[in-house]
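K.L.:
test case, fold it:
(one chain, ligands or ions: 1)
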Amino acid sequence: MKTLLVTGSSGLIGSEVCLYFSRNGYRIHGIDNNQRAVFFGPQGDTRWNQQRLISQLPHFEHHEIDIRDRQGVLALVRELQPSAIVHTAAQPSHDRAAAIPFDDFDTNAGGTLNLLEAARQGCPESPFVHMSTNKVYGDAPNRIPLAELHTRWDYADPAYAHGIPETFTIDQSKHSLFGASKVAADVMVQEYGRYFNLPTCCLRGGCLTGPNHSGVELHGFLSYLVKCNLIGREYKIFGYKGKQVRDNIHSEDVARFMANFCEAPRAGAVYNLGGGKANSCSILEAFQIVESLTGKPQEYVYTDENRAGDHICYYSDLRKMKADYPNWDITISLPDTIAQIVEAWKTRAQGGA
Ligand SMILES: NC(=O)c1ccc[n+]([C@@H]2O[C@H](COP(=O)([O-])OP(=O)(O)OC[C@H]3O[C@@H](n4cnc5c(N)ncnc54)[C@H](O)[C@@H]3O)[C@@H](O)[C@H]2O)c1
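P.N.:
Numbering: from 1, shown residues only. Modelled structure (predicted):
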């Protein structure tokens, strides 16, 4: 039986990866220490998701390891020699990073290096998929001329009609400390591919979402926005008139791409992974979709000050992924994704997982 090692297995992406690969016959080993609850407080707790995996998956083993624990990570990878590694554990919020710079860098950059080196020593042939982020581009996308439409911003430069490509600069822009620690990890993952010829891949995520996100104000905007709508809490918009655009991808489509990569890996690959233009929306547009599903008005306040380094308009150019992996495409539309998030929050409010 093939084995998969997933870091951040109790998180949004990690848990979806566990479920997806388990359905495809893998034995799953998950690493997670519920650090999300340390980063974000009880609202970010992911133990419920850990329990869900333990109860639902026939071949799942949880490892309570901190990825900053170099010896612990090395020992586990040497022992398991997994057929593939998917690395999703991270401090994922750019706003939070400024308050906890050492925890952020040690987790995102140091933790990734620990895993890469463990892979090189323990299973150099196994595909290594790393969840990177579109924040590696810093705020450079904000330099693209924009058109202001009724409910959203869009690129006015036709060169970006399909979105942001992987060749876009990651240099000389404001990233937030989170973006900078993720750049370090991203470049290191590429380097282990190029220098050591390990089958590594960086996926520079747009907004990754889905029903299993423990969305909080500082991370997981769609999940948090839906939660606010359902409980009647004010959602706070930070600048850009609420017309800032994000491309949203369901976590299952993310996991499916990872499986495609693991079947036909390349060394040092980089892809922008988001919902693309078709699954993009502004905050104002997201309000409309959620309201149409729940029948409840979205309460919100607006503040003129945008988040530091926040993108005004971002959607991923998916053409490289589709060219390299023609069997992969987005299968879950934005309204369907939001509908699933609505149902998930309702279920959790009733005490179910
Ligand atoms: N969700 C998004 O919109 C988005 C967008 C772009 C990139 N990403 C990236 O995708 C990855 C996964 O994101 P997510 O939304 O699933 O995050 P998440 O916070 O839901 O999951 C991350 C998991 O990692 C665990 N973790 C954190 N630090 C750890 C440590 N030191 N040791 C062990 N476990 C630890 C957390 O407890 C959590 O369960 C991250 O690398 C993130 O930067 C996410």
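
K.L.:
tell me the secondary structure of the spatially closest residue to residue 199 that is not a sequence neighbour, please.
P.N.:
Counting by CB to CB, 6 or more residues apart in numbering, residue 265 is the residue found nearest to residue 199 once chain neighbours are left out, at 3.5 Å. For glycine as for every other residue, the C-beta is placed from the backbone atoms N, C-alpha and C. Here residue 265 is recorded as coil under DSSP: H, G, I helix; E, B strand; the rest coil.

K.L.:
quickly note the distance from residue 265 to residue 129.
P.N.:
For residue 265, the distance to residue 129 equals 9 Å [CB to CB, to the nearest Å].

K.L.:
mind checking which of these two has more residues around it?
P.N.:
Neighbours around residue 265 and residue 129, counted as other CB atoms under 10 Å, are more numerous at residue 129. The numbers are 28 against 19.

K.L.:
am I right that that one is in a helix?
P.N.:
No: read with three-state DSSP, residue 129 is strand and lies in no helix.

K.L.:
give me the three-state assignment for residue 285.
P.N.:
Counting by three-state DSSP, the backbone at residue 285 sits in helix.

K.L.:
now do the strands in the stretch 201-350 of the chain.
P.N.:
Using DSSP state E, counting those that start in this stretch, the strands of the stretch 201-350 of the chain run over residues 207-209, 235-238, 245-250, 269-273, 280-282, 300-303.

K.L.:
give me phi/psi at residue 87?
P.N.:
Main-chain torsions, residue 87, degrees, to the nearest 10: phi -110, psi 110.

K.L.:
what does residue 79 give?
P.N.:
The phi/psi pair for residue 79 (degrees, to the nearest 10) reads phi -70, psi -40.

K.L.:
ok, how many other residues are close to it?
P.N.:
The number of residues packed around residue 79, counting by other CB under 10 Å, is 10.

K.L.:
tell me the contacts of it?
P.N.:
Counting by CB atoms under 8 Å, 6 or more residues apart in numbering, residue 79 makes contact with nothing.

K.L.:
residues in contact with the residue nearest in space to the middle of the chain?
P.N.:
When the chain is reduced to its mean C-alpha position, the closest residue under CA atoms, centre = their mean turns out to be residue 208, at 4.7 Å. Taking CB under 8 Å, 6+ apart as the definition of contact, the neighbours of residue 208 are 12-13, 131, 248-249, 251, 254, 273-274.

K.L.:
which of the residues you listed are buried?
P.N.:
Among the contacts of residue 208, the ones that count as buried by 16 or more other CB atoms under 10 Å are 12-13, 131, 248-249, 251, 254, 273-274.

K.L.:
those: which ones sit near the ligand?
P.N.:
Within the set of those, contact with the ligand (CB under 6 Å from any ligand atom) is found for 12-13, 131.

K.L.:
still on that earlier bit, and the residue nearest to residue 199, how far from residue 133?
P.N.:
Where residue 133 is concerned, residue 265 sits at a distance of 21 Å (CB to CB).

K.L.:
spell out which residues of the chain are next to the ligand.
P.N.:
Of all the residues in the chain, those lying near the ligand are 8, 10-14, 31-36, 46, 66-68, 88-90, 92, 107, 111, 131, 133, 205, 207-208, 220, going by CB under 6 Å from any ligand atom.

K.L.:
among those, which ones are in helices?
P.N.:
Judged by DSSP state H, the subset of the residues of the chain next to the ligand located in helices is 12-14, 35-36, 111.

K.L.:
mind checking pLDDT for the residue in the stretch 201-350 of the chain that the ligand sits nearest to?
P.N.:
When scored by CB to the nearest ligand atom, the stretch 201-350 of the chain has residue 205 as its residue closest to the ligand, at 2.9 Å. Reading off the per-residue confidence, residue 205 sits at a pLDDT of 97.

K.L.:
now for it, how many residues are close by?
P.N.:
Neighbours of residue 205 (other CB under 10 Å): 23.
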